[in-house]
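1. The sequence and its predicted three-dimensional model are supplied below.
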Amino acid sequence: MALPSNYPARVGLYDPANEHDACGVAMVATLNKVATHEIVDKALTALRNLEHRGASGAEPDSGDGAGILIRIPDAFYRAVVSFDLPAEGSYATGIAFIAPGADVRSEIAKIVAEEGLVLLGWRELPINSSSLGNTALSVMPKFEQLFIAGKNNETGIALDRLAFCLRKRAEHSLELYFPSLSSQTIVYKGMLTTGQLEEFFPDLSDERVVSPLALVHSRFSTNTFPSWPLAHPYRFIAHNGEINTVKGNRNWMRARESLLASELIPGDLSRLFPIVEMSGSDSASFDEVLELLYLGGRSLPHAVLMMIPEAWENHTTMSQKRRDFYAFHASLMEPWDGPACVTFTDGHQVGAVLDRNGLRPSRFWVTDDGIVVLASEVGVLDFPAEKIVRKGRLQPGKMFLVDIEAGRIIEDDEIKDSLADSAPYGEWLHAGMIKLSELPSREHIVYPHSSVIRRQRAFGYTEEELRILLTPMAKNGMEALGSMGTDTPIAALSEKPRLLFDYFSQLFAQVTNPPLDAIREELITSLGGSIGPEHNLLDPGPSSCRQISLAFPVIDNDELSKIIHVNADDDHPGLAAYVVRGLFPVSGDGNTLQTRLEEIKVEVSDAIAAGARIIVLSDRNGDAEDAPIPSLLLTAAVHHHLIREKTRTKVGLVVEAGDVREVHHVALLIGYGAAAVNPYLAMESAEDLVLQGVITGITPEKAVRNVIKSLGKGVLKVMSKMGISTIASYTGAQVFEAIGLSQEVVDEYFVGTTSRLGGISLDQIAEETIARHHIAYPPGGEIPGSKRLPIGGEYQWRRDGEPHLFNPETVFTLQHSTRSKRYDIFKRYTNKVDEQSKSLMTLRGLFAFKEGERPAISIDEVEPISEIVKRFSTGAMSYGSVSQEVHETLAIAMNRLGAKSNTGEGGEDPERFVTMENGDSKRSSIKQVASGRFGVTSNYLVNADDIQIKIAQGAKPGEGGQLPGNKVYPWIAKVRYSTPGVGLISPPPHHDIYSIEDLAQLIHDLKNANKNARIHVKLVAEVGVGTVAAGVSKAHADVVLISGHDGGTGASPLTSLKHAGAPWELGLAETQQTLLLNGLRDRIVVQADGQLKTGRDVVIAALLGAEEYGFATAPLVVSGCVMMRVCHLDTCPVGVATQNPELRKRFTGKPEFVETFFEYIAEEVREILAKLGFKTLQEAIGHVEYLDTRDAVNHWKASGLDLAPLLVRPDVDSPLHRTTVQDHGLANALDNKLIELAAAALDKREPVRIDLPVRNVNRTVGTMLGAEVTRRYGAE
């Protein structure tokens, strides 16, 4: 049961489940085999020196969490308790966090007796809470220390197994939490700052508290509602990092429970379930599973390497024995994937392991007197250089281990070679694992064109999809690129029947954990997996790996046939396959669909009971009477049904799906449990395109292989956006958000998925499926011309396709109005866009203004245009993606207005820093710093008013910026410091930002580089972005930008363009609510962008909480863009998105046109403000009560949407906008002293030598001095 917590309940769009943390971690140990207080003292000193890696929120004396784990100080406890203790190792103890007012002692005594233990006594733990803030005090538990022993004098790990049973049962049934309960170690931790820990627990200052080892941890949470149990260390680990796959890992562990059995852990294990709490932190869940593996009989290093294996799959020089060790364990459980440095101990050994990507760097050093230290950074303890006998860094996938009893360091190779020799893993694999390629081949069937086209129509294919998506995949094995973002309705607002896949959006890593670089770091990724049953995790043997191994998660029709017939000759009974027909009567409705799904669930359970070990979910063979169930619904329904039944790990799921033709589709099916996907119709379509002569120069077989290759590579990219490196970890990880699905559908079929707005039910899913089916099988029989596919229009505007906000009419009207300076025509443009928006194209279109809530005022009373335009900026469009003419036109226009233009990530020519003769300036006020750091110099940063750290981009969050080689002309390469003609792709992560505290450091660095500039952080809307924004505020950013998923781009994979991120309305509302709940709103400016086009858009953004507003596509259109969407090809016909000198001559834009546009937007803002009764835009910020949704949703699909969560205003007494400034701590910087001492060099250019000590608390050294040199002398 839960302890009191400072976490608010779900309110509006805020959900405590989205919280993240990052941290500083250190371990200190001795090789002298002696427990001393010196080790404890050094660990506490290291912890205090990690203070900058922790955080505090609005209240500086309520920390995010700090703690220490040490060996039990036996002599000390004997001296302070009033009862007798048996010999060391023969009793277990732990501090209990007990809910205030709860009396648990009698219940604990009962469970102690039932579990074969003896209760020795309780100790009232002394604490000193005088330095704690109100937040920490308000949820502080009682602290009592429990001492127990075994009835049969059990010692060591045997006693720990009994204590484990006691603790699990007690925590499930009582209002308490044990940080540890062990015969070997004890944990002291809490909602404290690093400096408060020792003061709060006086035990730690006592010289009698001795230990040969210690783990310490300092926590940085993205929120200001941390709780006492979430501090680290846990029972075995302290973790710096983020488990990206934790949702799937928890689901799989829950599913494995029915198979768990152990002779070592006494009694029926079901009384201890769930092993993993679904609501704890990722680190808590990791610790719970590690504990089970350890107590179940494995050594601690063995258990750790099962959960965080090194990148072995593509490691060609690794010994076969070690590869066999990892391959065998891969068949038992998936990796817990994500950036991680995990320090661990069982009291006898203490060590650390780094994730396969090395994304949580750690350093270690050993002194000549046997002290071993490992920490997140150097400098946590000061040792004279001559005392250091060894130092190094923990490498990706490597383990560092100290054996306390033996007094030595055990090297990585020794650990792993010993484990690889501990069982005949190679023999077990040879006996159990079958390669798919080794199964006998089956007949290949080629379907006639008429069959292919009818099924294409049934599954909703369009001509556009064949041309834009499938043809490039089949021809080149590459995912198609697009540009200019998306301006079509989200699926829940579309009039057209949309695939269920379109109601899901990919999540991506930003700030709290990094995305992976799937291009440069492909070696550490793996798309290989296996299909088949799992066995008891605690009893490994040859049968554990009786599975089929796959090299790729996408399989062709022939490979599927092999799997279906794997036991055709009764030679693989343990892998028998069963095919489920996923069809439902087309005459039915949502109830019919639900009934059919229930029948399928029973059918699958019966098949498993009869011995099936592979289930193939197929939507083949639909006809006029039966329509295919959407494959995603079918897969998720079966996956979650089997998890509930606890039979999920008895079978592998394979999906044979006709509706799959995009990377996003495959990613979703794997994310919801499929081990392999056979997109049979996509492959048959590729074959057909070759046979029909549409694709030339390749064979049908090659076209199919190319489709598989591009889908697989695309899935790898989608995984890597979330920081996940193996397909095994991604399977079932559910890293998606539903946008427009009802909660009933989610709770039944997509358990654990976030769906914040509600939306369609099974009724509409059935309706859309049947509507598609009727295209192939018209109810009145075939009609002339019905053999063609629908035209499409999702990616490019077509008259009969999906509507686009920017279409030929709106583009022409906007350009005409700004060039002729006709506000009346501009109003025609905004009316058209707003009407389209209101006719269910955007979420903001569903809002209406509540006029009359306060008296309307005269427009003359509203602040002038000149004030409003100062809040506008242009989007980050790089010099390179757009031409010099456009880039400079935008800069000149914004500077004239007193607004801001943005360089984008391509740098800026220093010649533009100089004011022109006519007084204009081409200098962009906002200088962007992206992961590629193109064009970033001290001179660039010094010449900024704002510096924007680009974490993510709306059109392709989780991926780096992209400039094709054909656009890297010499003048572009010069500004970017790159090579002409060589394509540029920024890494998906900033390689100096792997966590929230790394971002805090970069913000600090950039503030040092230009103390006068505001530091921005650019994020993209997704579920949880508000929590990240709170972390960004705690990291001392001055501005946070929330970009919508529909933002523009010069080049992006179409999957990302359409399926990653969320509308800015959701992200902005969540950010405002979360900042208010955290008491952080007053210290940061919030900006919004993403297809803003009208004054109405601006006012809605203001009411939802934004103070500043970014425009990109609209100013480009004003400058001449005609939305050809060929930016990535360098063929822009109007000279906007090209570097071609001939095409650039066609550019007709002028700064005046852009000025007029922004002035007209501001005038429209003034008109709306006057009607609402606001004199300034500032007055309107955050006042969501002036938005109404009552009449918004009247539509066959959108009627299920609930927009109320967007309009929640938290009941807190704090400002709705920024009122203070961040404290960047520059006054205390060492550089102030350096600048003072370097005066002679700065003023007279005389040489100066300065000797000053530099410690790790001096976070940035020399940068302010360098900036001063640049400010005075430029780039010379």
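-> Okay, I see it.

2. got a pLDDT number for the residue nearest to the spatial centre of the chain?
-> The centroid of the chain falls nearest to residue 509 when counting by Cα atoms, centre = their mean (2.9 Å). With respect to pLDDT, residue 509 scores 90.

3. any idea how far residue 421 is from it?
-> Residue 509 sits 37 Å away from residue 421, going by Cβ to Cβ, to the nearest Å. Where you see a C-beta, it was placed from the backbone N, CA and C, and this is true even at glycine.

4. secondary structure class for the residue nearest to the centre of the chain?
-> Here residue 509 is recorded as coil under DSSP: H, G, I helix; E, B strand; the rest coil.

5. mind listing the strands for the stretch 951-1100 of the chain?
-> Taking DSSP state E, counting those that start in this stretch as the test, the strands found in the stretch 951-1100 of the chain are 962-963, 984-985, 1014-1020, 1039-1043, 1052-1053, 1085-1089.

6. Now the weakest link among those strands, please, by mean pLDDT.
-> strand 1052-1053 (a mean of 73).

7. Residue 191 - how many residues pack around it?
-> Look at residue 191: counted by other Cβ atoms under 10 Å, it has 31 neighbours.

8. whoops, I mixed them up, residue 1007
-> Neighbour tally, residue 1007, other Cβ under 10 Å: 25.

9. so it sits right up against residue 1224, yeah?
-> Yes: under the criterion of Cβ atoms under 8 Å, residue 1007 makes contact with residue 1224 at 4.7 Å.

10. Could you save the strands of the stretch 951-1100 of the chain as TSV and add columns showing mean neighbour count?
-> Below are these laid out as TSV (neighbours: other Cβ atoms under 10 Å):
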stretch	mean neighbour count
strand 962-963	24
strand 984-985	20
strand 1014-1020	26
strand 1039-1043	29
strand 1052-1053	25
strand 1085-1089	25
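
11. Show me how the record splits the protein into domains.
-> Following automatic domain parsing, the chain resolves into domains at 16-380+393-432, 449-484+513-535+544-776, 808-1207, 1228-1273.

12. Show me what the mean pLDDT comes to for the shortest one.
-> Regarding domain 1228-1273, the rounded mean pLDDT is 91.

13. that older thread, quick one: closest of the strands of the stretch 951-1100 of the chain to residue 934.
-> strand 984-985 (6.8 Å; Cβ to Cβ).

14. Would you list the phi and psi of residue 895?
-> Dihedral pair for residue 895: phi -70, psi -40, per degrees, to the nearest 10.

15. Contact partners for it?
-> Going by Cβ atoms under 8 Å, 6 or more residues apart in numbering, residue 895 touches 901, 920, 921, 922, 923, 925.

16. got a list of what the second one touches?
-> Residues touching residue 920, when contacts are defined by Cβ under 8 Å, 6+ apart, comprise 892, 895, 896, 1151.

17. do the same with the last one
-> With contacts defined as Cβ under 8 Å, 6+ apart, residue 925 is in contact with 873, 894, 895, 900, 901, 902, 944, 945, 946.

18. Out of the contacts of residue 920, grab the one that's most surrounded.
-> Comparing the contacts of residue 920 on neighbour count, residue 892 comes out first with 23 neighbours (neighbours: other Cβ under 10 Å).

19. And that residue, how close does it get to residue 924?
-> Relative to residue 924, and taking Cβ to Cβ, residue 892 is found at 10 Å.

20. next one: residue 853
-> According to Cβ to Cβ, residue 853 stands 39 Å off from residue 924.

21. More neighbours: these two, which one.
-> residue 924 (29 against 12).

22. Would you check that that one makes contact with residue 901?
-> Yes: using Cβ under 8 Å, residue 924 is in contact with residue 901, at 4.6 Å.

23. shared neighbours of those two, anything?
-> Common neighbours of residue 924 and residue 901 (Cβ under 8 Å, 6+ apart) are residue 891.

24. if we can go back for a sec, so what's in contact with residue 1007 and residue 1224 at the same time?
-> residue 1036.

25. what about the stretch 751-900 of the chain, any weak spots by pLDDT?
-> Across the stretch 751-900 of the chain, residues meeting the criterion (pLDDT under 70) sit at 783-787, 795, 797-801, 803, 837-840.

26. so where do the strands sit in it?
-> Using DSSP E, counting those that start in this stretch, strands in the stretch 751-900 of the chain cover 754-760, 848-849, 872-876, 900-902.

27. could you say what helices and strands the shortest one packs with?
-> Of the remaining helices and strands, those touching strand 848-849 by 3 or more Cβ pairs under 8 Å, 6 or more residues apart in numbering; DSSP states H and E are helix 1151-1172, strand 1187-1188.

28. who's in contact with the shortest one?
-> Here strand 1187-1188 makes contact (Cβ under 8 Å, 6+ apart) with 847, 848, 849, 850, 1100, 1103, 1104, 1207.

29. Which residue, other than its chain neighbours, is closest to the first one?
-> When you say that, I think you mean residue 847. Nearest residue to residue 847 in three dimensions, chain neighbours excluded: residue 1187, at 4.7 Å (Cβ to Cβ, 6 or more residues apart in numbering).

30. From residue 603, how far out is that neighbour?
-> Taking Cβ to Cβ as the measure, residue 1187 falls 48 Å from residue 603.

31. higher neighbour count, these two?
-> Of the pair residue 1187 and residue 603, residue 1187 is the one with more neighbours under other Cβ under 10 Å, namely 21 against 15.

32. Tell me how far the more buried one lies from residue 1046.
-> Relative to residue 1046, residue 1187 is positioned 20 Å away (Cβ to Cβ).

33. Compute the distance between residue 1068 and residue 509, please.
-> Separation of residue 1068 from residue 509 (Cβ to Cβ) stands at 20 Å.

34. Residue 617 too?
-> Counting by Cβ to Cβ, the gap from residue 617 to residue 509 is 30 Å.

35. Residue 624 now?
-> Per Cβ to Cβ, residue 624 is found 46 Å from residue 509.

36. do the same with residue 401
-> Applying Cβ to Cβ, the value for residue 401 to residue 509 is 29 Å.

37. Do a quick rundown of the helices in the stretch 651-800 of the chain.
-> Applying DSSP state H, counting those that start in this stretch to the stretch 651-800 of the chain gives helices spanning 663-671, 680-691, 700-721, 727-730, 743-749, 762-776.

38. Determine which of these approaches residue 877 most closely.
-> With Cβ to Cβ as the criterion, residue 877 lies closest to helix 700-721 of the helices of the stretch 651-800 of the chain, at 22.2 Å.

39. pull the CA atoms of that closest one into PDB?
-> Presented in PDB, the C-alpha positions along helix 700-721 are these (Å, rounded to 0.1, in the frame of the first residue of the first chain):
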ATOM      1  CA  PRO A 700       9.900  -8.800 -57.800                       C
ATOM      2  CA  GLU A 701      12.000 -10.800 -55.300                       C
ATOM      3  CA  LYS A 702      14.400  -7.800 -54.900                       C
ATOM      4  CA  ALA A 703      11.500  -5.400 -54.400                       C
ATOM      5  CA  VAL A 704      10.200  -7.500 -51.600                       C
ATOM      6  CA  ARG A 705      13.600  -7.700 -49.900                       C
ATOM      7  CA  ASN A 706      13.900  -3.900 -50.200                       C
ATOM      8  CA  VAL A 707      10.500  -3.400 -48.600                       C
ATOM      9  CA  ILE A 708      11.600  -5.700 -45.700                       C
ATOM     10  CA  LYS A 709      14.900  -3.800 -45.400                       C
ATOM     11  CA  SER A 710      13.300  -0.400 -45.300                       C
ATOM     12  CA  LEU A 711      10.700  -1.400 -42.800                       C
ATOM     13  CA  GLY A 712      13.300  -3.000 -40.600                       C
ATOM     14  CA  LYS A 713      15.600   0.000 -40.800                       C
ATOM     15  CA  GLY A 714      12.700   2.300 -40.200                       C
ATOM     16  CA  VAL A 715      11.700   0.400 -37.000                       C
ATOM     17  CA  LEU A 716      15.300   0.700 -35.800                       C
ATOM     18  CA  LYS A 717      15.000   4.400 -36.300                       C
ATOM     19  CA  VAL A 718      11.700   4.600 -34.400                       C
ATOM     20  CA  MET A 719      13.200   2.500 -31.600                       C
ATOM     21  CA  SER A 720      16.300   4.700 -31.400                       C
ATOM     22  CA  LYS A 721      14.100   7.800 -31.100                       C
END
